[in-house]
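Novice: Have a look at this prediction, sequence included:
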Amino acid sequence: MVPRMMQLKHTTDRQAPQDPDGQAMLAQARAEGFRRPPARKWPGPVVDVHTHASLDRGAAGLLEAAGLYGVHKLFVIGSLDSLLPLRDRYPGQVEITPVFSFPEGEGPEEWVRRNRQIIAAARAAGALMVKLWAAPRFYARTRLWAHSPLLEPLWQELESSGLALQIHVADPDLWFSRVYTDPRLYGRKEEHLAQLEAILQRHPGLRVLAAHMGGHPEDLDALSRLLDLYPQLYLDTGATRWIVRELGRQRERSRQFLIRYAGRILFGTDQVALADPEPARYEVRYWIHQMFWETALECDLPIDDTDAPGGRPRLYGLDLPATTLRQLYLEAACRFFGRRFDAERTIQAERAGQKDSA
Ligand SMILES: [Zn+2]
């Protein structure tokens, strides 16, 4: 357990007074519509490597909330067609992550041809990464495993072209026991996790960003083994409920894990822009992430989570050190992508200044 005394030790006068329960701080944030984030424990630029948005699906609201919370760059996942106009509208703020596509009505050979074209187009458009959503529902529909020989040319092509692979494997343990109850249809969680390791084994030169803590935040020992074995593997923290629930449940262990593997874990939220979002939808999620990573706050989770123990979702902040936060928010992404995103922020600020004075 994190000692109570350490709570909000970076408190500034902008924040609520120290509150062991966290409920008062939550109540204040609620009253402000989550629009007045507490001061950041590490004040540098933040990169969110896992979001979903398009211009016709409320990207403006998401980008505004990101700006409020000091998130200066978002990697947005979507079809290349929808991402290009979004990046044009928000130059410097949006990096594009095109998704692989497996339309119904096409066969495996067409899928491979289509996805080779996607890699070529992604590369031509300046993308740094392509995303494969290999969740259980993908397997149920396509009967394809990510490491099937059929898809090998795709991973070879990514590896040789220097693009990274963002991959979603598996889903929460709880969903395998509750939703994916037919393993013949959905596969077992071990089989889903095995996809990731098979790709890592065969492609030491392919940088892999395994979404949602590798699909396995429930088992940090298993993740340690993978990170130790495969230096090209990085994890993202995408998902609010799943990550906050499972890492918060093993709070001290999670804290040690994040510190130990700082530089290999990239901040991501899996925020999804919606055409008609409820009030404060994006702000509340950025607030939760900030409180979770940066403080020792304990409070009710201000969004619902039907998977929460006892039906009552709680937030147990990890209170990571500032040096770890710097890695999580910025440096790990710079290292993974081989780019200086903080330098880009300076350029962006200069550009914005030029625009203002024009
Ligand atoms: Zn996602």
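Specialist: The structure has been received and is ready for your questions. Just so it is clear, the model here is predicted, and its values are computed rather than measured.
Novice: burial measure for residue 35, as a count.
Specialist: 14 (other CB atoms under 10 Å). To be clear about C-beta, it is placed using only N, CA and C from the backbone, and glycine gets the same treatment.
Novice: Can you give me the distance of it to residue 284?
Specialist: In this view, residue 35 and residue 284 are 10 Å apart by CB to CB, to the nearest Å.
Novice: cool, residue 51 as well?
Specialist: Between residue 51 and residue 284 the distance is 15 Å, computed by CB to CB.
Novice: of these two, who's got more company?
Specialist: Remark: of residue 51 and residue 284, residue 51 carries more neighbours, 26 against 21, as counted by other CB under 10 Å.
Novice: May I have the strands that pair with the helix or strand hosting the more buried one, each with its orientation?
Specialist: In this assignment (DSSP states H and E), residue 51 forms part of strand 46-52. Note on strand 46-52: by DSSP bridges, its sheet partners are strand 71-78 (parallel), strand 271-272 (parallel).
Novice: hmm, who's touching that strand?
Specialist: Strand 46-52 is contacted by residues 40, 62, 66, 69-78, 166, 209, 211, 236-238, 266-273, 329-330, 333, 341 when judged by CB atoms under 8 Å, 6 or more residues apart in numbering.
Novice: repeat that for 6 Å
Specialist: Residues outside strand 46-52 that contact it (CB atoms under 6 Å, 6 or more residues apart in numbering): 70-71, 73-77, 236, 238, 266, 268-272, 329-330, 333, 341.
Novice: which parts of stretch 93-107 are buried?
Specialist: By 16 or more other CB atoms under 10 Å, the buried positions in stretch 93-107 come out as 93, 94, 95, 96, 97, 98, 99, 100, 102.
Novice: Quickly list what the second one is bridged to.
Specialist: Listed by DSSP bridges, the beta-bridge partners for residue 94 are residue 74.
Novice: sorry, back to before: would you mind checking the average pLDDT for the strand holding residue 51?
Specialist: Strand 46-52 comes out with an average pLDDT of 98.
Novice: next SSE after that strand?
Specialist: helix 59-68.
Novice: ok so, going back, which one of the strands paired with strand 46-52 lies nearest to residue 315?
Specialist: Closest approach to residue 315 among the strands paired with strand 46-52 is made by strand 271-272 (16.9 Å; CB to CB).
Novice: which residues sit against the closest one?
Specialist: 51, 52, 62, 282, 285.
Novice: rerun at 8 Å
Specialist: So strand 271-272 is in contact with 48, 51, 52, 53, 62, 282, 285, 286, going by CB under 8 Å, 6+ apart.
Novice: cool, stretch 201-212 as well?
Specialist: Applying CB under 8 Å, 6+ apart, the set of residues contacting stretch 201-212 is 49-50, 129, 131, 147, 152, 155-156, 158-159, 164-170, 196, 199-200, 230, 232-239, 242-243, 266, 268, 270, 336.
Novice: which ones among those are found in helices?
Specialist: The helices, defined by DSSP state H, take in 152, 155, 156, 158, 159, 196, 199, 200, 242, 243, 336 from the contacts of stretch 201-212.
Novice: my guess is the second one contacts residue 163, does it?
Specialist: No. In this structure, residue 155 is not within contact of residue 163 by CB atoms under 8 Å, at 10.5 Å.
Novice: Comparing these two, which residue is more hemmed in?
Specialist: Relative neighbour count places residue 155 above the other of residue 155 and residue 163, with 21 against 18, counting by other CB under 10 Å.
Novice: For the more buried one, give me its contacts.
Specialist: Residue 155 neighbours (CB under 8 Å, 6+ apart): 165, 199, 202, 203, 206.
Novice: what's the most distant pair in those residues?
Specialist: Checking these with CB to CB, the most distant pair is 165 and 202, at 12.1 Å.
Novice: Neighbour count: these two, which is higher?
Specialist: The neighbour count for residue 165 versus residue 202, taken as other CB under 10 Å, is higher for residue 165 (22 against 13).
Novice: so how far is residue 205 from residue 135?
Specialist: 26 Å.
Novice: out of those two, which sits in the busier spot?
Specialist: residue 135 (20 against 10).
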